[in-house]
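Colleague: Just to be clear, the model below is a prediction. Sequence and coordinates:
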Amino acid sequence: MTDRIEKIVRDRVGEEPVCLFAYDLDRLAEHVRAVVDSLPARCRMFYAMKANSADPLLRALAPLVAGFEVASGGELDKARAVDAEAPVIFGGPAKTLAEIERALRRDVTRLHAESALELHRISEAATRLGRTVEVLLRVNLAGPFPSATLAMAGRPTQFGISEQDLPAAVAAARSLPGLRLTGFHLHSLSNNLSAEAHLELLAHYGRTVAGWEREFGLRCEVVNVGGGIGVNYADLDAQFDWASFSRGLPAVLDEFPAGVREVDFECGRYLVAACGVYAAEVLDVKRNHGVDYALVRGGTHQFRLPSSWQHSHPFTVLEVDEWTAPVPRPELREASVTVVGELCTPKDVLAREVPVERLRVGDVLVFHHAGAYGWEISHHDFLSHPHPEHVFHADAS
Ligand SMILES: *Cc1c(COP(=O)(O)O)cnc(C)c1O
């Protein structure tokens, strides 16, 4: 937590319990600039908007990244509201004809096709508008993948075209009017923490694409290597080693076919997670059946990430000394605390059995790395509690 974030949280301590997301946009810009600056020449970093599509965040990112990756018409509208001309690449597993047509009217750079039927839909929309559209085929690789760390890749999912169906999809992409097959899209895993494994994965992509060039007699111009670079929520001090990843990248790109002019990354989590925190005030503490609980203002309806990944989300206790209520102040000491929210469901758990020296009602828990897939993926109106405040801080503004 940066000092400015702590100040934002402390400034809100008062009558109403603290409950907010706070983003440090300077920290965001610094991180993203360093990542982008370290990329070799052929690489472009797009921001995968589904991680967090808040307008101030997009505005901070727009001058730094190559463009936005969107997966719905709604995300496209948000991207266009920020920048009418920024490059936008359009993916997503179930696109309607209307969405595709709208995307073409709003000048997306290229589309990622997820099935043969989708190629037909893109072709129909493109010919209707008298256009030729760049498409990448999103392929769901069969594996096996080169490293044990990549066991998560290559599972059955609803995404992309199965490798068995690739010959037919390539033929369709080449013969349908209004399409220009420029390459392939390969996003095979999430939250990978190993730089070494990620380099191996990309080398595998390069060899695979080279094989398809030979098999289909085509020249691939663009490879999208997806996102999936992770955040270590279990140990905040052991993050993905981007420096070593970027050092290894040029050698890996040498394995890509020479005609590939552009290697696109579309990262979400890794770019924005660290700049955001979720702060929630402790409303009560209690011991039930031998377990110590802290109940906060907020919960998984605002910050569903720990529940969706089934992890205990890391937090810091911000001690608040003021206590003005005319009643005794409850506290836990030398406890192993389970942090829960205000919902009437036992699933509303943010962290489990975390050792704390002291935790008092009125202290504020600050959850770290909450900038990606936090508010964005949560069911905000379940139980109709008030929404948290969203604070976007930049020194420059
Ligand atoms: C979700 C998603 C991303 C971003 O993934 P991160 O793990 O946040 O980097 C990129 N590409 C596609 C196709 C996705 O579905």
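Modeller: Now that the structure is in, tell me what you want to look at.

Colleague: going forward, measure contacts and count neighbours with C-alpha atoms only.
Modeller: Fine.

Colleague: Now residue 163. Its backbone dihedrals?
Modeller: phi -60, psi -30 (degrees, to the nearest 10).

Colleague: And for it, the neighbour number?
Modeller: Counted with other CA atoms under 10 Å, the neighbours of residue 163 add up to 15.

Colleague: next one: residue 233
Modeller: 18.

Colleague: Likewise for residue 93?
Modeller: Counted with other CA under 10 Å, residue 93 comes out at 16.

Colleague: I'd assumed residue 159 was in contact with it.
Modeller: Yes - if you go by CA atoms under 8 Å, residue 93 and residue 159 touch, sitting 5.9 Å apart.

Colleague: Overlap of the contact sets of these two?
Modeller: Common neighbours of residue 93 and residue 159, counting by CA atoms under 8 Å, 6 or more residues apart in numbering, are residue 114.

Colleague: Let me see the domain layout of this structure.
Modeller: For the chain, automatic domain parsing gives the domain ranges 3-21+274-393, 87-267.

Colleague: I'd like to know which of the ones you listed is closest to the ligand.
Modeller: domain 87-267 (3.5 Å; CA to the nearest ligand atom).

Colleague: near the ligand, anything from that closest one?
Modeller: Yes - for domain 87-267, a contact with the ligand is found by CA under 6 Å from any ligand atom, at 187, 190-191, 226-229, 266-267.

Colleague: Lowest-confidence entry in those?
Modeller: Ranked by pLDDT, these bottom out at residue 190 (88).

Colleague: thinking again about what came up before, in TSV: the residues of domain 87-267 next to the ligand, plus secondary structure and neighbour count.
Modeller: Output for the residues of domain 87-267 next to the ligand, formatted as TSV (DSSP: H, G, I helix; E, B strand; the rest coil; neighbours: other CA atoms under 10 Å):
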residue	secondary structure	neighbour count
187	coil	22
190	coil	16
191	coil	15
226	coil	24
227	coil	25
228	coil	20
229	strand	23
266	strand	26
267	strand	23
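
Colleague: and which of these is nearest to residue 74?
Modeller: Within the residues of domain 87-267 next to the ligand, the smallest distance to residue 74 is 17.9 Å, found for residue 266 (CA to CA).

Colleague: about what we covered before: would you reformat the residues of domain 87-267 next to the ligand as TSV and include distance to residue 321?
Modeller: What follows is the residues of domain 87-267 next to the ligand, written out as TSV (distance: CA to CA, whole Å):
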residue	distance to residue 321
187	48
190	41
191	38
226	46
227	43
228	41
229	39
266	44
267	40
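
Colleague: tell me the two of these that are most distant?
Modeller: Top of the distance list for the residues of domain 87-267 next to the ligand (CA to CA): 191 and 266, 13.1 Å.

Colleague: Within range of the ligand, give me the residues from the stretch 251-397 of the chain.
Modeller: Contact residues (CA under 6 Å from any ligand atom) of the stretch 251-397 of the chain with the ligand: 266-270.

Colleague: rewinding a little: now tabulate the domains of the chain in CSV and tack on distance to residue 57.
Modeller: CSV is the format used below for these (distance: least, CA to CA, whole Å):
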stretch, distance to residue 57
domain 3-21+274-393, 8
domain 87-267, 14
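
Colleague: Which of the ones you listed sits closest to residue 72?
Modeller: Checking the domains of the chain against residue 72 by CA to CA gives domain 87-267 as the closest, at 6.7 Å.

Colleague: So for the one helix or strand residue 103 maps to, mean pLDDT?
Modeller: Assigned by DSSP states H and E, residue 103 falls within helix 97-105. For helix 97-105, the mean per-residue pLDDT is 96.

Colleague: ditto for stretch 42-52
Modeller: 98.

Colleague: Show the end-to-end separation of stretch 297-309, please.
Modeller: End-to-end distance for stretch 297-309: 21 Å, by CA to CA, to the nearest Å.

Colleague: which one among the residues of domain 87-267 next to the ligand gets closest to residue 26?
Modeller: Taking CA to CA as the measure, residue 267 is the one of the residues of domain 87-267 next to the ligand closest to residue 26, at 18.8 Å.

Colleague: For the closest one, list each beta-bridge partner.
Modeller: Per DSSP bridges, the residues bridged to residue 267 are residue 47.

Colleague: Flag every buried residue along the helix or strand residue 245 falls within.
Modeller: In this structure, residue 245 sits in helix 242-253 according to DSSP H and E. Using 16 or more other CA atoms under 10 Å as the test for burial, helix 242-253 gives 242, 245-246, 248-249, 252-253.

Colleague: and what of stretch 335-344?
Modeller: Applying 16+ other CA under 10 Å to stretch 335-344 flags 335-343 as buried.

Colleague: Pull out the CA atoms of it and give them to me as PDB.
Modeller: Extracted C-alpha coordinates of stretch 335-344, given in PDB (Å, rounded to 0.1, in the frame of the first residue of the first chain):
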ATOM      1  CA  ALA A 335      -6.100 -14.700  16.800                       C
ATOM      2  CA  SER A 336      -6.400 -16.600  13.600                       C
ATOM      3  CA  VAL A 337      -9.100 -14.600  11.900                       C
ATOM      4  CA  THR A 338     -11.500 -15.500   9.200                       C
ATOM      5  CA  VAL A 339     -12.700 -12.300   7.400                       C
ATOM      6  CA  VAL A 340     -16.200 -12.300   6.100                       C
ATOM      7  CA  GLY A 341     -18.600  -9.800   4.600                       C
ATOM      8  CA  GLU A 342     -22.100  -8.500   5.300                       C
ATOM      9  CA  LEU A 343     -24.000 -11.000   3.100                       C
ATOM     10  CA  CYS A 344     -26.300 -13.700   4.600                       C
END
